[in-house]
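Colleague: structure, please.
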Amino acid sequence: MLIELHIRDFALIDELRIETGSGLAVLTGETGAGKSIIVDALSAALGERTGVEVVRTGADKCLVEAVFDVSDARTALETASEYGVETEDGLLIVSREIARNGKSAWRINGRATTVAALKDITARLVDVHGQHEHQSLLSVAVHIDSLDAWIGDSAASLRTEARQIYDELSALKEERSRLHTDERERARMLDLYQFQVAEINAAALDPAEAQELEDERNRLANAEKLYEAASEVYAVLGGGDNGVVDALSAAAGLADKIAAMDPSMSGFVDDVCSALFASQESLATVRDYRERVEANPGRLEQVEERLDTIRALKRKYGDTIEDILDYARDLESKIDSLSNSEQRSRALDGRIDEMETALSEVASRLGTLRRKACSAFEKAVEKELSELAMGRTTFVVSLTPIEPGPKGADGVEFLISPNPGEPVKPLAKIASGGEMSRIMLALKTVMARADIPVMVFDEIDAGIGGRTAQVLADKLASLAERCQVMCVTHLVQIASKADRHYNVDKVVRDGRAVITVRELDEEERVSELARMLGAEETSASAAAHAREMLSLARNGNASAGQTNQGPGQETSTWRHRPDRPRGYRLDRGTDASRCEGGGGH
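Modeller: Presented below is the predicted three-dimensional model:
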């Protein structure tokens, strides 16, 4: 649901904010007041191509920002998630800036995005129907989705099955393609992998040897210094009468004499003896070490070469010996895969044949379901069009065979002939925006679910009057029970049905034309409806008529059955939902009952 639209410096709009709610909202005003400019601004925010001429004179850029409550818009949320867009409190904020130099910037929830991503997401949120191209019906790709949505769960189930099979089939074909891409490349990679594994295996690496080799190299490189130091230690410990060992030995003898005369000193004797034994062991250790230390240039060269080999392998295959060994194991797996590619290719061919057969079978069942449904769907749409002053219209669902894919093996396109005797043509060939809007309204009325939560109709009432106008108003009110509907209209019948009524006016402020928008209260609605009836402002009869229309519309809306359902589908009722999502708070000061444009007025 669209809950706020903010526009600044767009065409004749200085600045305005419109808060919206569920149900049916209408924008009315005199011809030329600028109602369609508001729709144009919304379309620009949704990604439609817009030129720099929309930037208000004197401004460097314009901004359009739309805030949506997407807490109930499952498909929009799923699509947003695919693009990495996270929503907070169920809000999705899309904005567009258009600079006078021609540059545009699109953002979703404050983060820059591409126009392709924005359009893909908002296509699940809003349909704008009028004079512009932001209409899902103009995209043939969505016709199959509309037909299947009308068919219901049976089509949805088969499409889910077809999608799963197609995804697996695509993965299998991609793997097979990789195997067949270039036999010479495969052979080259096999040789490379085998060489690398042989090089690593030939080194016979041990994860612990690197540190051991580093220690040995240090000893060999410093052999002379180590020998001299060991000799000095040996001399200190065992150097004759001046040596530590001899001195401690003499001390131990004296300590024994003391203990013989004074037994309390026996512990002292133990301490001296312990020091003597430790010094004797140290003397033996340093003697053995000195004997092992020798200058061995040949061994030093061997150690350096081994370390060079390990460093070279680290540069190629990993930071540590463990990394190198892991890389070798990975190469062996790749070698096995490449060596057995022919066997794997044959297995893939068999599995692909099975999946293609399965996909064709599901596509056939889906096609049969669609062909059976087409006639009833066509008649239902033609019935609705007849009530919308298009009684002689022929509506046809064209099914053509295509290559089996995730949606089956049918190409679906809606064809139409608004005039008797004329051949049916694609919807995109229809020149009248009013006709296109009524076709969409007929389709949405026929379809069971409100698959797009926001629908905007611009000039849907073109060429309509009399009883047809009332039928159109009733259908819009009925549609608004299932989704949010915004409508630019000149028909008093539609305006009287609105849950929210906005008046659009063009005024002169400081010598410049400015478009203003404000939501009307009850008495203001009476005056506006009287104006739309063509009466003078002081006409009491017109005012009475307007009040009667509002009363009848309100009673009709209140008693309208909430049973607009398609085959086996239940519908939710927007009218009884809160006007704004829980926790939603405007960041800008705005009077909720009066949203006017122009410099914050």
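Colleague: residue 67 is in what secondary structure piece?
Modeller: strand 61-69 (DSSP states H and E).
Colleague: what strands line up against that strand, and which way round?
Modeller: strand 2-10 (antiparallel), strand 91-99 (antiparallel) (DSSP bridges).
Colleague: how about the following helix or strand past it: buried residues?
Modeller: Stepping forward along the backbone from strand 61-69, the first helix or strand reached (DSSP H and E) is helix 74-82. Neighbour counts over helix 74-82 (16 or more other C-beta atoms under 10 Å) mark 75-77, 79-80 as buried. In short, each C-beta sits where N, CA and C put it, glycine included.
Colleague: what is the nearest of those residues to residue 191?
Modeller: Closest to residue 191 out of the buried residues of helix 74-82 is residue 79 (45.9 Å), distances taken as C-beta to C-beta.
Colleague: residue 394 touches residue 424, doesn't it?
Modeller: Yes. Counting by C-beta atoms under 8 Å, residue 394 touches residue 424, with 5.8 Å between them.
Colleague: quick check: neighbours shared by these two?
Modeller: 416-417 (C-beta atoms under 8 Å, 6 or more residues apart in numbering).
Colleague: quick one, strands of the stretch 301-450 of the chain?
Modeller: 394-405, 408-417, 425-426 (DSSP state E, counting those that start in this stretch).
Colleague: save those strands as CSV, and put in mean neighbour count too.
Modeller: Formatted as CSV, the strands of the stretch 301-450 of the chain follow (neighbours: other C-beta atoms under 10 Å):
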stretch, mean neighbour count
strand 394-405, 16
strand 408-417, 20
strand 425-426, 14
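Colleague: possible to save the ones you listed as a markdown table with distance to residue 178 and mean pLDDT?
Modeller: Putting these into a markdown table (distance: least, C-beta to C-beta, whole Å; pLDDT from 0 to 100) gives the following:
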| stretch | distance to residue 178 | mean pLDDT |
| --- | --- | --- |
| strand 394-405 | 22 | 95 |
| strand 408-417 | 27 | 94 |
| strand 425-426 | 39 | 90 |
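Colleague: out of those strands, nearest to residue 50?
Modeller: From the strands of the stretch 301-450 of the chain, taking C-beta to C-beta, the stretch that ends up closest is strand 425-426, at 25.2 Å.
Colleague: which other residues reach the closest one?
Modeller: Contacts for strand 425-426 (C-beta under 8 Å, 6+ apart): 140, 413-417.
Colleague: what are the pairing partners of that strand, and which direction each?
Modeller: Strand 425-426 has these strand partners (DSSP bridges): strand 408-417 (antiparallel).
Colleague: for the partner strand, C-alpha coordinates in CSV please.
Modeller: Output of strand 408-417 as CSV, limited to C-alpha atoms (Å, rounded to 0.1, in the frame of the first residue of the first chain):
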residue,chain,number,x,y,z
GLY,A,408,5.7,-24.4,-19.3
ALA,A,409,5.6,-24.5,-23.1
ASP,A,410,3.0,-21.9,-23.9
GLY,A,411,3.4,-18.4,-25.1
VAL,A,412,0.4,-16.4,-23.8
GLU,A,413,-0.7,-13.1,-25.2
PHE,A,414,-3.9,-11.1,-24.7
LEU,A,415,-5.4,-9.9,-28.0
ILE,A,416,-8.4,-7.6,-28.4
SER,A,417,-10.6,-5.9,-31.0
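Colleague: neighbouring contacts of it?
Modeller: 137, 140, 143-144, 146-147, 158-159, 162, 360, 362-364, 366-367, 370, 393-403, 423-427, 430, 439.
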